[in-house]
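Student: predicted model, plus sequence, below.
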Amino acid sequence: MCVVTGSTGGIGRVVATDLRAEGALVVSSGRSADGPGDLHVAGDLTERGAPERLIAAAEDQFGRVDCLVNNVGATSIRSLDELTDDDWQASFELNLMSAVRATRAVLPGMRLRGAGSIVNVSSTSGKRPSAVFPDYSVMKAGMLSFSRLVADVYAKDGIRCNAVTPGPTATTAWLGPGGLAEQQGDRDEVLAKVGAGRPLGRLAEPAEIAAVVVFLLSARASYVTGAAWSADGGTVPIIL
């Protein structure tokens, strides 16, 4: 049974749909009232107690949580010098603490059973900070560190934890009205420039990111933990 946060749209929705197609029971979560899961729990995961309530609802309904995908997150175009303390705090709660709290809630059951898989959706900006996503970059770097920490501490309990670092992806966050493309100028020009900045020459499709997440959750990745998998069209090179 899998819990996928931020799964009412974008990458998270495709992850939830793909998991169900693989035969998994799925609990979806988001601020919208409806989601693609066998059970949907609406809520704002920036609120203290909300991630814990999500995990409790999943365990009450299905008895256990085998997999957790921490996908919830968002950003907007801002410069480093314009960010206020409140901006930093809001980004911290959304892009990092939602994952910390959900993970903390799911670990006791996984440790009791001696098995579990967690995937945290980070970003290329967590590996190489973006000047237009300063707070988001810092939080996604924190998520990479958190992922490695969980992997190291709980490997002895049979729990795997990995991260995925997508590049710009063709979701409403980029493509929609008022989205990240429009915030930077002419939408089509910005998207063309962003796509040209990837070695593969385009934005990712949500299904391409979801495929990596689903693989890392599966038994096919049983010897993979503590890793940060790039799914970015070659944007951030491997450092040898």
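Tutor: Arrived safely.

Student: drop to CA atoms for contacts and neighbour counts, all remaining ones
Tutor: OK.

Student: can you give me the helices in the protein?
Tutor: In the chain, the segments counted as helices under DSSP state H are 10-21, 50-62, 85-92, 98-113, 124-127, 134-154, 172-175, 187-196, 206-217.

Student: could you list the low-pLDDT ranges of the protein?
Tutor: Along the chain, the model assigns pLDDT under 70 to residues 237-240.

Student: same list (the helices of the chain) but as TSV, adding mean neighbour count.
Tutor: Compiled in TSV, those are given as follows (neighbours: other C-alpha atoms under 10 Å):
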stretch	mean neighbour count
helix 10-21	22
helix 50-62	18
helix 85-92	14
helix 98-113	19
helix 124-127	22
helix 134-154	21
helix 172-175	17
helix 187-196	16
helix 206-217	21
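
Student: closest to Asn70 out of the ones you listed?
Tutor: Comparison of the helices of the chain against Asn70 by C-alpha to C-alpha identifies helix 98-113 as nearest, at 5.4 Å.

Student: just the CA trace of the closest one, in PDB.
Tutor: Once side chains and other backbone atoms are set aside, the C-alpha atoms of helix 98-113 remain, and they are given as PDB (Å, rounded to 0.1, in the frame of the first residue of the first chain):
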ATOM      1  CA  SER A  98       5.800  18.100   4.900                       C
ATOM      2  CA  ALA A  99       8.200  15.300   3.900                       C
ATOM      3  CA  VAL A 100       9.900  15.200   7.300                       C
ATOM      4  CA  ARG A 101       6.600  14.800   9.100                       C
ATOM      5  CA  ALA A 102       5.100  12.300   6.800                       C
ATOM      6  CA  THR A 103       8.300  10.200   7.000                       C
ATOM      7  CA  ARG A 104       8.400  10.400  10.700                       C
ATOM      8  CA  ALA A 105       4.800   9.200  10.900                       C
ATOM      9  CA  VAL A 106       5.300   6.200   8.600                       C
ATOM     10  CA  LEU A 107       8.600   4.900  10.100                       C
ATOM     11  CA  PRO A 108       7.200   3.200  13.200                       C
ATOM     12  CA  GLY A 109       5.000   0.800  11.100                       C
ATOM     13  CA  MET A 110       7.800   0.200   8.600                       C
ATOM     14  CA  ARG A 111      10.300  -0.600  11.300                       C
ATOM     15  CA  LEU A 112       7.800  -3.000  13.000                       C
ATOM     16  CA  ARG A 113       7.400  -4.900   9.800                       C
END
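
Student: alright, that wraps it up for me.
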